[in-house]
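>>> mind folding the following:
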Amino acid sequence: MKRWIFDRFGRENLRFESAAPPQAGEGEVVVRLGAASLNYRDLLILSGRYNPRLPLPQVPVSDGAGEVVEVGPGVCDFAPGDRVITHPVMGWEDGRFRREYARSTLGGPGPGMGQEQVALPSTSLARAPKGWSHEDASTLPIAALTAWSALVTEGPVREGQTVLTLGTGGVSIFALQIAHALGARVIVTSSSWKKLERASKLGADHGIHRIEDADWDRSTRRLTGGEGADLVVENGGAGTLSQSLRATAAGGTVALLGALTGLKAPIMLAPAVMRRIRIAGVMTDCRRALRDLVAFVEDRDLRPVVDRVFPLAELPAALEFMERGAHFGKIVISIP
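Below is the predicted model:
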């Protein structure tokens, strides 16, 4: 089989090689991958910024979808031919997140999806939505599950409430779609009028051009009668957190799930304290939540927004495309 691997940090150190196909051990399943999808996390891992002590070599890419081709001893919940998606945090079945879970994430330090076949514990898989292609299904594990965690696990967002989501990447677009399906009012920010127009067609009630309207926190309050958003999907990090706090309604929640603008910055704590705003760190969610998400998208007939599909052999080009930040929705890798 073919796979991408790196033994030093940096996209230039990726190499495409042949390797022996994996075999299923006790409690494991071998999946023939049909697609993988990219997340900003993949760029951070490859550059060494996510975990500079990550054991190498490592196969990149965290999310995948495919078909079961072999099951090992002790596996009774999957069979050859089942269409599955990966769960990004091996071992987190349900309940509160624990520190050790961070040591078992797929795509680093756990197995990566930038390859044709992968052996995984059966407990790190879920059934793919019925009728979905591998390309569509591969978008769910991190991006959609993170949006679901912010809106449902941490919210929970109710009908008639207001959600503000920053940008139009994979998590943000899923947050828009899920919030709209839940009956919430959705405000989206972007640096592109074209992207805001596309977001409107997906159900966004308002779009704020964050370059032409740099005070988007004030605009959010204006659009909500001075109150602010009940929940903010905050993926910007250091450069946007203070504004997100000012854009949040009293008693609301900031779901902190990304760091596109950096990890360290001074913030004003007064808005959080005086208005009882909760800051909730979000790192995807448990496997039970992933199954709930699959049932939800099947019931509501939601489909992901895929910006572009690259073949596996062009993974470096796909990562470069993601780094430029021009995409709308998800970037997918097709694995023949």
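>>> my read: Gly10 touches Arg49, true?
No - contact criterion C-beta atoms under 8 Å: Gly10 and Arg49 do not qualify, at 11.1 Å. To be clear about C-beta, it is placed using only N, CA and C from the backbone, and glycine gets the same treatment.
>>> for the strand or helix carrying Leu176, list the C-alpha coordinates in CSV.
Under the criterion of DSSP states H and E, Leu176 resides in helix 170-181. C-alpha atoms of helix 170-181 as CSV (Å, rounded to 0.1, in the frame of the first residue of the first chain):
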residue,chain,number,x,y,z
GLY,A,170,-14.7,23.5,8.2
VAL,A,171,-15.8,23.9,11.8
SER,A,172,-17.5,27.3,11.2
ILE,A,173,-19.6,26.0,8.3
PHE,A,174,-20.6,22.9,10.2
ALA,A,175,-21.5,25.2,13.1
LEU,A,176,-23.6,27.3,10.8
GLN,A,177,-25.4,24.3,9.4
ILE,A,178,-26.1,22.6,12.8
ALA,A,179,-27.1,25.8,14.5
HIS,A,180,-29.5,26.6,11.7
ALA,A,181,-31.0,23.1,11.9
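>>> quick check: next helix or strand after that helix?
strand 185-190.
>>> send me the worst-scoring helix or strand of the chain on mean pLDDT as PDB with only the CA atoms.
Least confident helix or strand of the chain, by mean pLDDT, DSSP states H and E, is helix 270-274 with a mean of 84. The C-alpha trace of helix 270-274 is given here as PDB (Å, rounded to 0.1, in the frame of the first residue of the first chain):
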ATOM      1  CA  ALA A 270     -14.100  42.100  33.100                       C
ATOM      2  CA  PRO A 271     -16.600  41.100  30.400                       C
ATOM      3  CA  ALA A 272     -16.400  37.400  31.500                       C
ATOM      4  CA  VAL A 273     -16.600  38.200  35.200                       C
ATOM      5  CA  MET A 274     -19.200  41.000  35.200                       C
END
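>>> which residues sit against that helix?
245-246, 248, 277, 279 (C-beta atoms under 8 Å, 6 or more residues apart in numbering).
>>> all helices of the stretch 151-300 of the chain, in order?
Applying DSSP state H, counting those that start in this stretch to the stretch 151-300 of the chain gives helices spanning 170-181, 193-201, 216-223, 241-246, 270-274, 287-300.
>>> buried ones in the shortest one?
Within helix 270-274, the residues that count as buried by 16 or more other C-beta atoms under 10 Å are 271-272.
>>> what of the third one?
Counting neighbours by 16+ other C-beta under 10 Å, one finds that the buried residues in helix 216-223 are 216-217, 219-221, 223.
>>> tell me how far that helix lies from the chain's centre.
Centroid displacement of helix 216-223 relative to its chain, using C-alpha atoms, centre = their mean, to the nearest Å, is 26 Å.
>>> could you do the first one as well?
The chain centroid and the centroid of helix 170-181 are separated by 11 Å, computed with C-alpha atoms, centre = their mean.
>>> next: the second one.
The gap between where helix 193-201 is centred and where its chain is centred comes out at 21 Å by C-alpha atoms, centre = their mean.
>>> helices and strands around it, which ones?
strand 185-190, strand 206-209 (3 or more C-beta pairs under 8 Å, 6 or more residues apart in numbering; DSSP states H and E).
>>> which elements pack onto the first one?
Judged by 3+ C-beta pairs under 8 Å, 6+ apart, strand 185-190 is in contact with strand 162-166, helix 170-181, helix 193-201, strand 206-209, helix 216-223.
>>> that one vs helix 170-181, what angle?
Per axes from the mean of the first three to the mean of the last three C-alpha atoms, to 10 degrees, the angle that strand 185-190 makes with helix 170-181 is 160 degrees.
>>> quick one: average pLDDT of strand 185-190?
For strand 185-190, mean pLDDT is 98.
>>> strands paired with it, and their directions?
strand 162-166 (parallel), strand 206-209 (parallel) (DSSP bridges).
>>> of those strands, which is nearest Leu56?
strand 162-166 (32.6 Å; C-beta to C-beta).
>>> gap between the closest one and the chain center?
16 Å.
>>> could you do stretch 159-166 as well?
Per C-alpha atoms, centre = their mean, the centroid offset for stretch 159-166 relative to its chain is 18 Å.
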